[in-house]
Every structure is written in structure tokens, then in C-alpha cells.
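Undergrad: pasting the structure only:
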């Protein structure tokens, strides 16, 4: 590594240079912060050893200047005036580590090994992030739909606060995408965004995943586990499909939200949590409260700011653009080129009601790219259900029953309850329930 030593004692500079060069590092030594700034402006350094007590210079001020000039450098404070206060101050400003004088060559060697390991991990993370960016489509919240524009505006306003947010919407409408975007625009963006999928595990395992457990808490608990709440410390905890959270855990979640406290499974010690909670569900939580499946107090605690995401069928202004971006993404991954969609394919997608929303559209485009052989995605490249449904339009060669059935499906999917759908259709709810069951 290229290393800069800033120390006003000549003997220290000479012995540090000898030790570092014996470890096969490239070393430059200077006697002041001013000389160090000049060297940093001329070359890039991996490590800077900085004496905290320079002649007529404040070491902490020099540290701040170095971090501005070379933020990629690992700055190590070395001083004979060792104290907890100065160590804490330098680390808070951004120093990598702290060594007291006199230090041995072995201490220096171990510290450099630690820096090298950290650099390798950072490079690995950067490579993985680059790979992930190439393989996972970028979050897209651009919209021409007035309904979706109001949703995004409200979400971004809420992002600046620590208020609990409840995202509602059908499966596949992009609730998790919006939650991540809110975190990225929040004061907590530097910390983690941690997702808990509420219906994925039994309540025993879910409680352990959420709050953590101590060794021996249950069969198979061979070591302490911190849990997702601790992992999200300082950041955002996203509770996906909160409507499926078991009642036994709902009380503990309520305590976390109200008192910012929780306990690991098998532990009596109370722990504090600094997390912002965003939850999402495709269920009717008010009905769940009435049915006794969801705690009313938890519902009101989650329901501080409620944002309802519209289904894809209510934002057809965005369909062509979203489909086009999906096509470009999957075509690039598959090493293919397409000129877009044929008029018949576009017409079919606009006639379809998309019960699976954005997720269904993504899967459809990926399948079409893989199976498509022409220079355009045509109607024949789409799934059979879309081809069939695209023919179900007023004035087409379809029966009245087919038109009626499709109209009923769409009204039900656009309504929160059967009673609401029945009111729109002008029929009795019991009649609509029987018709829905038949369909």
C-alpha cells in the first residue's frame, strides 16, 4: 500500500518508514499537516498515520482536512497523548483506528492487515452491488397517472418523518418498491432497510426472526441471534403482509411501536430499538379487526399515515412506458433486440385487467422475451389468458355472458368489499357472492 506518515518527530518518521518498508509498503514521511496536504494533492494514499500532537497544529483539525481531501484513505491516529476522549473524538470525525505511542512493528502490521481486510470486503461489496444492479431492474416510480402521482408525493413527504406508514394495495402493486424508495429519501438512509415477511414462518420462528433469541431458548437455538429489529437499528423495518401477523406477536409489535422496547425470545432483559416502521398488506385490516384477527390498538398504531397504491388497471397511462422498460431490461439480459411491441400486443395488454399488477406484467414480459423470435413482441408471444381476455371487449365477437362475467371480475377487483361491488353493479350482495363463487 502507499502510506503517508505525518509526524513532527524525525526519529519517529525514520523508524516508521523502516518498519513499513520492511513490510513492503511504499512510504512518504512529512513533518507537518501542511506538507501532508501537498502530498495528498499530488498522489493517492491508502493509509495515513497522523500524529495528533503536531507542532503548532491541531491534529483533529488536520484529520478533518485529510478526510476532506482524501475520503478514501484510512487515517490512523498515532500519539503519545493517548486518552479515551481523544480516541473517541478522532473516531467520530472519521479516523479508521487509534494507536498510542510507542507502538511496536507488530501492532502496526496487525492494523495494516485489518485495513487490507476491510478494503477487500469493501471491494467485494462494491462488486456484488454492481452485479446486483446489472441483474435487478432499477426501481421505477416515474408515473403519468394523476392517481399514482399523488401517492408518490404523499409517500415522499412522509419519508422525511419517523411516522409509522401503512401501505395498502393489491398484491404486486409495488408496495415494497415504494417502501424502499421512502427509506432512500429519509434521514435514516445511511442505515439498513430490513424486510420481514410476516406470513413466511410459523409464529415461533417469526418471533425469533423479528426479535432474536438467546442460546438455549428453544430446540435448535445453538447461539444468540440478534433478530431483524436489531439489524434495522437506526434504519427502517419493513413488515411485509402485516395482515398475516399472528395475534401472539401483534402484542409484542405494539409494545415495540409504543415504547420502543422489546425482548429476545428466552430473555427477560429489555432492549431499546431505534427503528422506523413501514408496513404493508393487501388485506382489509378494518375487516380483520372486526373479525378479531387483528388487534384494534395495533391497527391504529400502524395507521398513522395510510397510503393506498392503485392497481395497474387504474393507471393505464403508465402501462406502455413500464412495459417498454421491462422489455429493454429483459432483452439486454437475454442478449436480444426488440423494436418494441406490435399494435396488437399493446392493444391486448391495455384490454387486460392485470389481477397480478406490476408483478404479473414483469413475468409476462420476461416470458415474451425468452420465447419471442421476431424483432417485435407480438400478440402470439403473450400468454394465452391475455390473448383470450383481449378479445373480450364491447363490440367484439363475444357473448353477452362473457362480457358480463369480465365486467363482474373487474368491478370486484376494484372494490374493497363484496357489498361495495354489489352496490356498483346494482345487485344484491348474496347474489353477487354466488356469482363470484361460480366464476
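TA: Sure thing, it's come through. Keep in mind it's a predicted model, so treat the numbers as computed, not measured.

Undergrad: What ranges in the chain fall below the confidence cut-off?
TA: Within the chain, the ranges that satisfy pLDDT under 70 run 81-84, 123, 126-140, 219-221, 385, 387-398, 413-414.

Undergrad: ranges for the strands of it?
TA: 2-6, 26-30, 47-51, 53-54, 57-58, 74-79, 97-100, 165-168, 193-197, 236-240, 261-262, 271-272, 276-281, 305-308 (DSSP state E).

Undergrad: could you redo the ones you listed as TSV and give each row distance to residue 116 and mean neighbour count?
TA: From N, CA and C alone the C-beta is placed, and that goes for glycine too. As requested, the strands of the chain are exported to TSV (distance: least, Cβ to Cβ, whole Å; neighbours: other Cβ atoms under 10 Å):
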stretch	distance to residue 116	mean neighbour count
strand 2-6	12	23
strand 26-30	14	18
strand 47-51	9	24
strand 53-54	27	18
strand 57-58	29	15
strand 74-79	10	23
strand 97-100	13	16
strand 165-168	42	24
strand 193-197	29	19
strand 236-240	32	24
strand 261-262	38	16
strand 271-272	34	14
strand 276-281	35	26
strand 305-308	46	16
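
Undergrad: Can you lay out those strands as a markdown table showing distance to residue 374?
TA: Shown next, in a markdown table, are those (distance: least, Cβ to Cβ, whole Å):
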| stretch | distance to residue 374 |
| --- | --- |
| strand 2-6 | 55 |
| strand 26-30 | 58 |
| strand 47-51 | 57 |
| strand 53-54 | 71 |
| strand 57-58 | 70 |
| strand 74-79 | 55 |
| strand 97-100 | 60 |
| strand 165-168 | 39 |
| strand 193-197 | 39 |
| strand 236-240 | 38 |
| strand 261-262 | 56 |
| strand 271-272 | 59 |
| strand 276-281 | 39 |
| strand 305-308 | 39 |
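
Undergrad: Could you pull out the helices in the stretch 201-350 of the chain for me?
TA: 203-211, 227-231, 247-259, 285-290, 296-302, 319-334, 343-351 (DSSP state H, counting those that start in this stretch).

Undergrad: What lies in contact with the third one?
TA: Outside of helix 247-259, the residues that reach it under the criterion Cβ atoms under 8 Å, 6 or more residues apart in numbering are 164, 203, 206-207, 210-211, 229, 239, 245, 261-263, 273, 275, 277, 293-295, 297-298, 301-302.

Undergrad: and that helix, which residues are buried?
TA: 249-250, 252-254, 256-257 (16 or more other Cβ atoms under 10 Å).

Undergrad: before we move on, what about the fifth one?
TA: Applying a neighbour-count criterion of 16+ other Cβ under 10 Å, one finds 298-299, 301-302 buried in helix 296-302.

Undergrad: Now find how far off-centre it is within its chain.
TA: 24 Å (Cα atoms, centre = their mean, to the nearest Å).

Undergrad: Please apply the same query to stretch 322-341.
TA: 25 Å.

Undergrad: What residues does the closest residue to residue 226 other than its chain neighbours make contact with?
TA: Nearest non-adjacent residue to residue 226, counting by Cβ to Cβ, 6 or more residues apart in numbering: residue 212, 4.8 Å away. For residue 212, the contact set (Cβ under 8 Å, 6+ apart) comprises 224-227, 229-230, 264-265.

Undergrad: Now with 10 Å, please.
TA: 224-231, 262-267, 271 (Cβ atoms under 10 Å, 6 or more residues apart in numbering).

Undergrad: do residue 222 as well
TA: Residue 222 neighbours (Cβ under 10 Å, 6+ apart): 215-216.

Undergrad: measure residue 174 to residue 154 for me?
TA: 14 Å (Cβ to Cβ, to the nearest Å).

Undergrad: the more surrounded of those two?
TA: residue 174 (23 against 15; other Cβ atoms under 10 Å).

Undergrad: if we can go back for a sec, among the buried residues of helix 296-302, which pair sits farthest apart?
TA: Using Cβ to Cβ, the two most remote members of the buried residues of helix 296-302 are 299 and 301, lying 7.3 Å apart.

Undergrad: what residues are shared contacts of those two?
TA: Joint contacts of residue 299 and residue 301 (Cβ under 10 Å, 6+ apart) are 166, 254.

Undergrad: Looks like residue 264 contacts residue 217 (just checking).
TA: Yes - taking Cβ atoms under 10 Å as the definition, residue 264 is a contact partner of residue 217 at 7.5 Å.

Undergrad: Now do the shared contacts for these two.
TA: Shared contacts of residue 264 and residue 217, counting by Cβ under 10 Å, 6+ apart, come down to 208, 224-225.

Undergrad: tell me the domain ranges of the protein?
TA: 2-127, 146-310, 317-383, 391-439 (automatic domain parsing).

Undergrad: distance between the ends of stretch 327-345?
TA: 13 Å (Cα to Cα, to the nearest Å).

Undergrad: Among the buried residues of helix 247-259, which one lies nearest to residue 415?
TA: Using Cβ to Cβ, those come closest to residue 415 at residue 250, 27.0 Å.

Undergrad: Neighbours of residue 334, how many?
TA: 13.

Undergrad: Now the closest residue to residue 229 other than its chain neighbours: phi and psi?
TA: Closest residue in space to residue 229, ignoring its immediate chain neighbours: residue 273 at 5.2 Å, by Cβ to Cβ, 6+ apart. Backbone torsions for residue 273, taken as degrees, to the nearest 10, come to phi -130, psi 130.

Undergrad: any idea how far residue 273 lies from residue 331?
TA: Taking Cβ to Cβ, one finds residue 273 at 44 Å from residue 331.

Undergrad: coming back round to it: neighbour count: residue 264 and residue 217, which is higher?
TA: residue 264 (21 against 17).

Undergrad: measure that one to residue 277 for me?
TA: From residue 264 to residue 277 the distance is 18 Å (Cβ to Cβ).

Undergrad: now swap in residue 346 and tell me
TA: On the measure of Cβ to Cβ, residue 346 and residue 277 end up 40 Å apart.

Undergrad: before we move on, back to that, which one, of the strands of the chain, ends up nearest to residue 119?
TA: strand 74-79 (7.9 Å).

Undergrad: which other helices and strands contact that closest one?
TA: strand 2-6, strand 47-51, strand 53-54, helix 59-69, helix 84-93, strand 97-100, helix 105-135 (3 or more Cβ pairs under 10 Å, 6 or more residues apart in numbering; DSSP states H and E).
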